[in-house]
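Asks: got a predicted structure here, sequence first:
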Amino acid sequence: MLRLPQKSLHPLSRRIRNRFSIWFGNRPPRNQNVYRVEINGHTVKRVCMADSFEADSCAANLRVFGPDGIYPALILRKENELWVEYIEGKPLREVDRESLDKLAKLLAVLNSRDSELVQTSQTDYNHALHVDLGFLQAAGILSATRHRELDAMVDRITPAAVWIGYDCTDAIRKNFVVCADGRIRGIDIESIGARILVGSGAAKASVRWLGPEREFFLEALAKHSAPDVRPYMNFLELSFSAFWQKNCVLEGKRRFVSPELFDRFVD
């Protein structure tokens, strides 16, 4: 039905791996296809999602931040497809402080939009963390001793209140590009999360790749007027670590499973 020239943005290796997963595996396949489409010499991106509900949720988030220009502009949402701006730029590889400050400014735009401080007792975040740690122990990822240590820590580090709002659910470097004008913009349109724990993006970045720049990045977020989550960052990082490792087990991503990830919380 589509007559416009298009090219898949997924590498061939990934497409082959996903096809083998469908044929021979039991992990859920990715139901998203992304294409680069040329229209009269102009490039746009076509994203085909699993269903119209997912597409509608993603489109709603893009509309919220469209005027800010931190993510692609939404061109059209039709059924399970989104047509969005194709952002030209170089992948964010450098982690110097100038780049980190620009990335913090981007996340602060998300974090500060309609954020709300709520009592943690009114949420399931504490319970969910207990459940995730219990699953990791049952799956053999955590030893009984390490599970007891971490589980006992949960109630101590759970804050009385948490910020709820928008954040980036997948704050890894490949999901951002540096544009010709020096701006950093997000390109993974699915990674805008609404009504989630503010600080989730910073927690993932901290656990995955920030390294010694963690404190600088958190200070930069606060400087750019994001809600200050530093008092309960350990809770956010442990929550992300447990959730991520659980997903890796259930999705068969064994290469990412790392029990040593939890050493930092008890050592």
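Replies: Received the coordinates, thanks. Residues are numbered from 1 along each chain as shown.
Asks: drop to CA atoms for contacts and neighbour counts, all remaining ones
Replies: OK.
Asks: tell me which helix or strand of the protein sits lowest on mean pLDDT?
Replies: When each helix and strand of the chain is scored by mean pLDDT, DSSP states H and E, helix 12-24 comes last, with a mean of 49.
Asks: and the contacts of the helix or strand following that one?
Replies: Next helix or strand after helix 12-24 toward the C-terminus (DSSP states H and E): strand 33-39. Strand 33-39 is contacted from outside by 4-10, 43-49, 86, using Cα atoms under 8 Å, 6 or more residues apart in numbering.
Asks: mind running it again at 6 Å?
Replies: Residues outside strand 33-39 that contact it (Cα atoms under 6 Å, 6 or more residues apart in numbering): 5-9, 43-48.
Asks: out of these, which sit inside strands?
Replies: Within these, residues falling in strands by DSSP state E are 6-8, 43-48.
Asks: list the buried residues for the helix or strand hosting residue 137?
Replies: Per DSSP H and E, residue 137 falls inside helix 125-138. Going by neighbour count (16 or more other Cα atoms under 10 Å), the buried part of helix 125-138 is 125-126, 129-130, 132-137.
Asks: in the stretch 51-200 of the chain, which spans are helices?
Replies: Ranges of helices in the stretch 51-200 of the chain, per DSSP state H, counting those that start in this stretch, are 52-65, 97-112, 125-138, 144-157, 200-205.
Asks: tell me the mean pLDDT for the first one?
Replies: Yep, that's helix 52-65 we're talking about. Averaging pLDDT along helix 52-65 gives 97.
Asks: just the third one next, same as before
Replies: Confidence for helix 125-138, expressed as mean pLDDT, is 98.
Asks: and what of the shortest one?
Replies: Predicted confidence along helix 200-205 averages 98 (mean pLDDT).
Asks: the helix or strand following it vs helix 97-112, what angle?
Replies: Next along the chain after helix 200-205, taking DSSP H and E as the criterion, comes helix 214-223. If you take axes from the mean of the first three to the mean of the last three Cα atoms, to 10 degrees, helix 214-223 sits at 50 degrees to helix 97-112.
Asks: give me the contacts around helix 214-223.
Replies: 101, 104, 108, 206, 228.
Asks: burial count for residue 123?
Replies: Using other Cα atoms under 10 Å, residue 123 has 12 other residues around it.
Asks: distance of it from residue 117?
Replies: Distance of residue 123 to residue 117, given as Cα to Cα, to the nearest Å: 12 Å.
Asks: same check, this time on residue 39
Replies: According to Cα to Cα, residue 39 and residue 117 sit 45 Å apart.
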